[in-house]
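# Kindly return the folded structure for what I paste below:
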Amino acid sequence: MYYVRLIDMAGSSSGTKPAVKFRDLVLVATAAVIGTTIEWYDFFIAAISAGLVWPRIFLPPKVPPGIAMAYTLATSLLVGFVARPIGGFVFAHLGDRFGRKYALVWDLVLIGIGTLGIGLTPTFSQIGYGALALVGIFMFIIGFGVGGEWGGAVTWVLENAYVAGSRWRAFWASWVQQGVPLGLLAASSVLGLLAAIYGPNFLTAGWRIAFYAGAAIVVFGLAIRYALIESALFEDTRYRYGVARRPSLEVWKYHWWPIILGVLLTAADLALGYEFIAYSVPYMVGLGYQRTFGLFTQAIASLTAVFFIIIFSMLGDKIGRRWVDVILFGIGIPYAYAYPLMLGTRDPAIAILAQILLWGFITMGGYSVMSAIIPEQFPTKYRYSGATMSYQVGAVVGGGMAPIILSVLIGTQFVARWWILATVMAIYSFLGVISPLLMKETKEAKLDQPS
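Got it, this is the predicted structure:
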């Protein structure tokens, strides 16, 4: 344990130098984005496979395609989402009591175990419904691990950026957000490449290679995280004020309103995001596009998202975090109705543009400042818990539920029921406008207050 004299937003201090140097901040942010990229790659190959592959290998052929996809999404992807707030509760408790880095190491271990388990799971023809049961168990393990990732990673980077005196906290915290498009870019690219290489054998063997690779690279992420510094702000707070005994419970007592708003904002963003991740490729296949092309559009949109995150996070440091989300989700409401119509043209160029606007511009643009505005609503002793509960409960409400709702209501009538897709997206976008308006702006907030 070490003591840190805290600095103000301008970087000055009472005769002391910042305890976190620029080099330390870069290393922590880099370690965070590498770790989150690995975790999201593992989660996204499962999310994509749940809609694209698993209905055909983990269920009997007699089940109608629409029902099969809804069933596998509910018993695997939704299970992973339900596990996320449970895992978040546990890891946030550990992170607010023992340190952010401590929790981030162990959640990555669970991700690797679950990913390897799915890659080794037999098919329905081999063990019947036990195959889907095993996938559900391993998805729970993955979700449990992912539950501790986001809140810990954004808190780790944000707090070190604050102690370093940076005026670009949203930008530094957005490095964590880069793990999502980079992880999806890797997941879509790997699965698309394997689908092209294996052809018809992709459904029997090719997709598993993506999971073996995901489990293997976890070791690399663990080594990097273990080697770096703890959050300096957390160490200072623990030294001066102590830690909460039950942070994951106490945060609901003292800061329930910021959690509710964080849940709504997260639900809005992740509903649009997982429509893109888990549902858009099956939807495009239903409209007549090739599976490999659908995965290609995801990869292209994810590449553009990297740049949108940088642009909008820096804008969040200039005009405020709230207004970035209000503007982008405000655009998302009318765009919700344009999106399925653009895909319905069956024009490849228009389809790629539709995916870029949904994922890169609106979803990831809004996501860029969430890594700042949500954790900045909470004091240091509850920040990991508050950010995690907001994000992971919202993930269930948005990302976990939206693809299933769409699968049930639309079925295989992708053309006739396009308006259902549009309306669901518009409702979630509306939540993304209202929730940040009710939050306090944190662009100039001090993070070292004890409560």
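# ok, residue 285 - contacts?
Under the criterion of Cβ atoms under 8 Å, 6 or more residues apart in numbering, the neighbours of residue 285 are 52, 291, 294. Heads up, the C-betas are built off the backbone N, CA and C, glycines and all.
# How far off centre is the helix ranked longest in the chain?
Counting residues, the longest helix found in the chain (DSSP state H) is helix 22-52. Its chain's C-alpha centre and that of helix 22-52 lie 9 Å apart, by Cα atoms, centre = their mean, to the nearest Å.
# What residues of it count as buried?
Across helix 22-52, burial judged by 16 or more other Cβ atoms under 10 Å covers 24-25, 27-29, 31-52.
# And stretch 163-177, by the same measure?
Under 16+ other Cβ under 10 Å, the buried positions of stretch 163-177 are 163-166, 169-177.
# Pull the distance from stretch 388-408 to the chain's centre.
11 Å.
# what do you get for stretch 104-114?
15 Å.
# same deal with stretch 132-142?
19 Å.
# which residues make contact with that stretch from outside it?
With Cβ under 8 Å, 6+ apart, stretch 132-142 has contacts from 42-43, 46, 54, 58-59, 72, 75-77, 79-80, 82-83, 110-111, 113-115, 117-118, 121-122, 124, 127.
# Quick one, which of these are buried?
Buried among the contacts of stretch 132-142 (16+ other Cβ under 10 Å): 42-43, 46, 54, 58-59, 72, 75-77, 79-80, 82-83, 110-111, 114-115, 117-118, 121, 124.
# Please flag which of those residues sit within helices.
Using DSSP H, the buried ones among the contacts of stretch 132-142 in helices are 42-43, 46, 54, 72, 79-80, 82-83, 110-111, 114-115, 117-118, 124.
# Pick the one among those closest to residue 301.
Nearest to residue 301 out of those is residue 43 (Cβ to Cβ; 17.5 Å).
# For the residue nearest to that closest one when sequence neighbours are not counted, grab the count of nearby residues.
In this structure, residue 43 finds its nearest non-sequential neighbour in residue 146, 5.4 Å apart by Cβ to Cβ, 6 or more residues apart in numbering. By other Cβ atoms under 10 Å, the residues close to residue 146 number 29.
# and residue 146, what pLDDT?
The per-residue pLDDT reported for residue 146 equals 88.
# Which strand or helix spans the residue nearest the centre of the chain?
Closest to where the C-alpha atoms of the chain average out (Cα atoms, centre = their mean) is residue 180, at 5.7 Å. Element membership of residue 180, judged by DSSP states H and E, is helix 179-198.
# helices or strands up against the helix or strand bottoming out on mean pLDDT in the chain?
Counting by mean pLDDT, DSSP states H and E, the chain has its least confident helix or strand at helix 65-72, which shows a mean of 76. Counting contacts by 3 or more Cβ pairs under 8 Å, 6 or more residues apart in numbering; DSSP states H and E, helix 65-72 packs against helix 22-52, helix 54-57, helix 402-410.
# which residues sit against the second one?
Among residues not part of helix 54-57, those counted as contacts by Cβ under 8 Å, 6+ apart are 63, 65, 68-69, 71-72, 76, 123-124, 131-132, 135, 203-204.
# cool, and stretch 115-122?
Stretch 115-122 is contacted by residues 42, 45-46, 58, 130-131, 134-135, 137-139, 141-142, 208-212, 214-215, 218 when judged by Cβ under 8 Å, 6+ apart.
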